[in-house]
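[1] No letters, just coordinates:
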């Protein structure tokens with residue numbers, strides 16, 4: 001390689017490492033090993049240092065008999081873990097049995113309940129994810145004017161308060177500009193709805209609808225009233241209040 005004036009540049013000289021650097025590095029390593037071993041031996045000969053006592057107050061021991069367990073009338077879990085159908089409103093005297101109800105013997109399994117929706121396949125998967133446990137159903141017909149259907153849908157709720165979210169979702173779909181709504185007393189966020197405009201379908205008479213949605217604990221309540229004439233606020237409110245009292 002040539003320089004700026006055409007004269008060759010000398011090649012760089014690489015210095016060989018002498019023995020001094022190796023001796024110094026070896027001494028450092030031996031010193032570290034020796035120091036570690038010595039520290040370990042010194043620590044091993046010492047008595048273990050006692051830790052200071054934990055600072056916490058002395059809790060007094062309870063005396064007397066243990067409190068009595070809640071009675072079945074006061075323990076809500078006893079009721080909701082039992083026969084869920086017994087919590088449903090009873091059919092009023094003079095009403096006819098509802099022959100249109102899905103399920104068997106007052107129960108709706110997962111497939112039966114999902115089948116109530118327009119897209120049962122999608123709803124089935126959502127109910128599995130929401131930890132659907134079971135559902136109970138009852139209903140009746142009041143002459144030729146009205147039909148009533150009540151469902152109690154129970155969730156396992158091991159991770160989330162699904163019943164509350166489920167009720168809130170039903171309320172979302174119940175709202176529209178042709179619907180009157182009122183809070184359901186004693187429930188916090190329960191609602192009842194009366195749809196002013198009837199549902200119409202070719203070849204069928206117009207059908208008026210009212211509904212109620214609320215929840216308590218792990219149970220979501222649904223009430224549906226259909227009629228050949230408008231459903232009054234008083235009717236749907238009375239059904240919803242009496243059903244929630246049973247929960």
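    That came through fine. As the structure is a prediction and not an experimental result, all values here were calculated from the model.

[2] okay, and for the chain, where does confidence drop off?
    When residues are selected by pLDDT under 70, those of the chain lie in 1-46, 51, 53-59, 61-62, 64, 66-80.

[3] Nearest to the spatial middle of it, which residue is it?
    What sits nearest the mean C-alpha location of the chain, by Cα atoms, centre = their mean, is residue 160, with 2.2 Å.

[4] Any figure for the gap between that residue and residue 128?
    Distance of residue 160 to residue 128, computed by Cβ to Cβ, to the nearest Å: 14 Å. All C-beta spots, glycine's among them, are computed from the backbone N, C-alpha and C.

[5] Which secondary structure state does residue 170 sit in?
    helix (DSSP: H, G, I helix; E, B strand; the rest coil).

[6] so it makes contact with residue 214?
    No - when contacts are counted by Cβ atoms under 8 Å, residue 170 is not listed as touching residue 214 (9.5 Å).

[7] higher neighbour count, those two?
    residue 214 (28 against 20; other Cβ atoms under 10 Å).

[8] So in terms of bridging, what pairs with the more buried one?
    Note on residue 214: beta-bridge partners by DSSP bridges are residue 221.

[9] how far away is it from residue 136?
    Shown here: residue 214 relative to residue 136, a distance of 16 Å by Cβ to Cβ.

[10] Do you have the strands of the protein handy? List them.
    Listed in chain order, the strands of the chain (DSSP state E) span 96-97, 107-108, 132-142, 146-155, 179-183, 191-195, 208-216, 219-227.

[11] of all those, which gets the most neighbours per residue?
    Ranked by mean neighbour count under mean count of other Cβ atoms under 10 Å, those are led by strand 208-216, which reaches a mean of 24.

[12] Show me what that strand is packed against.
    Strand 208-216 sits against helix 162-174, strand 191-195, strand 219-227, helix 233-246, with contacts defined as 3 or more Cβ pairs under 8 Å, 6 or more residues apart in numbering; DSSP states H and E.

[13] will you turn these into TSV that also has distance to residue 153?
    Formatted as TSV, these follow (distance: least, Cβ to Cβ, whole Å):
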stretch	distance to residue 153
helix 162-174	7
strand 191-195	16
strand 219-227	5
helix 233-246	13
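
[14] List just the one of those that sits closest to residue 90.
    The closest of those to residue 90 is helix 233-246. By Cβ to Cβ, the value is 9.5 Å.

[15] now that closest one and strand 219-227, what's the angle there?
    Counting by axes from the mean of the first three to the mean of the last three Cα atoms, to 10 degrees, helix 233-246 lies at 150 degrees to strand 219-227.

[16] Identify the residues contacting residue 124.
    Each residue near residue 124 by Cβ atoms under 8 Å, 6 or more residues apart in numbering is listed here: 110-111, 114.

[17] Give me the buried entries from these.
    residue 114 (16 or more other Cβ atoms under 10 Å).

[18] Closest to residue 193 out of the contacts of residue 124?
    Nearest to residue 193 among the contacts of residue 124 is residue 114, at 22.7 Å by Cβ to Cβ.

[19] which residues does the closest one contact?
    Contacts of residue 114 (Cβ under 8 Å, 6+ apart): 120-121, 123-124, 127.

[20] Same question for residue 155.
    Taking Cβ under 8 Å, 6+ apart, one finds 130-133, 162-163, 166, 218-220 in contact with residue 155.

[21] my read: residue 224 touches residue 149, true?
    Yes - the criterion here is Cβ under 8 Å, and residue 224 meets it with residue 149 at 4.7 Å.

[22] Name the nearest residue to residue 207, sequence neighbours excluded.
    Using Cβ to Cβ, 6 or more residues apart in numbering and skipping residues adjacent in sequence, the residue nearest residue 207 is residue 199, 4.8 Å away.
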